[in-house]
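J.: Using only what follows, build the 3D model:
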Amino acid sequence: MVLESARIEPSVGGDAAGSRYQFERQGYFCSDVVDSSPDALVFNRRLRCAIPGQR
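T.: Next up is the predicted model:
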C-alpha cells in the first residue's frame, strides 16, 4: 500500500532508521532502514491492528 498524501508529525523525519510507531487503527510500523529518508519516509507494517468483528 502506498499513501502519497499521508501526513505525519514533522519530528518523525529526524528519527533514526528502524524506529517503531503505532499508527492509529492501522497497525505497528517501523521506518525502512534502506528506503526511508527525511524527505521521503517509508514505513513497513510489522503487525496489523485487530478490529473486533473484522477478519
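J.: Excluding covalently adjacent residues, which one is nearest to F23?
T.: F29 (5.9 Å; Cβ to Cβ, 6 or more residues apart in numbering). Placement of C-beta: from N, CA and C, glycine included.
J.: centre of the chain versus whichever strand or helix holds the one you found, how much separation?
T.: Applying DSSP states H and E as the criterion places F29 in strand 27-31. From the chain centre to the centre of strand 27-31 is a distance of 4 Å (Cα atoms, centre = their mean, to the nearest Å).
J.: hmm, who's touching that strand?
T.: Defining contact as Cβ atoms under 8 Å, 6 or more residues apart in numbering, one finds that strand 27-31 is touched by 12, 15-23, 41-49.
J.: pLDDT on the helix or strand that that strand is followed by, on average?
T.: Next along the chain after strand 27-31, taking DSSP H and E as the criterion, comes strand 43-48. Strand 43-48 carries an average pLDDT of 85.
J.: what comes up buried for strand 43-48?
T.: Across strand 43-48, burial judged by 16 or more other Cβ atoms under 10 Å covers F43.
J.: Show me what that strand is packed up against.
T.: strand 20-23, strand 27-31 (3 or more Cβ pairs under 8 Å, 6 or more residues apart in numbering; DSSP states H and E).
J.: go again using 6 Å as the cut-off
T.: strand 27-31 (3 or more Cβ pairs under 6 Å, 6 or more residues apart in numbering; DSSP states H and E).
J.: returning to that earlier point: partners of the strand holding F29 in the sheet?
T.: strand 20-23 (antiparallel), strand 43-48 (antiparallel) (DSSP bridges).
J.: Which residues does the first one contact?
T.: Taking contacts as Cβ atoms under 6 Å, 6 or more residues apart in numbering, the residues outside strand 20-23 that touch it are Y28, F29, C30.
J.: who wins for most neighbours among those residues?
T.: F29 (17 neighbours; other Cβ atoms under 10 Å).
J.: Great, nothing more from me.
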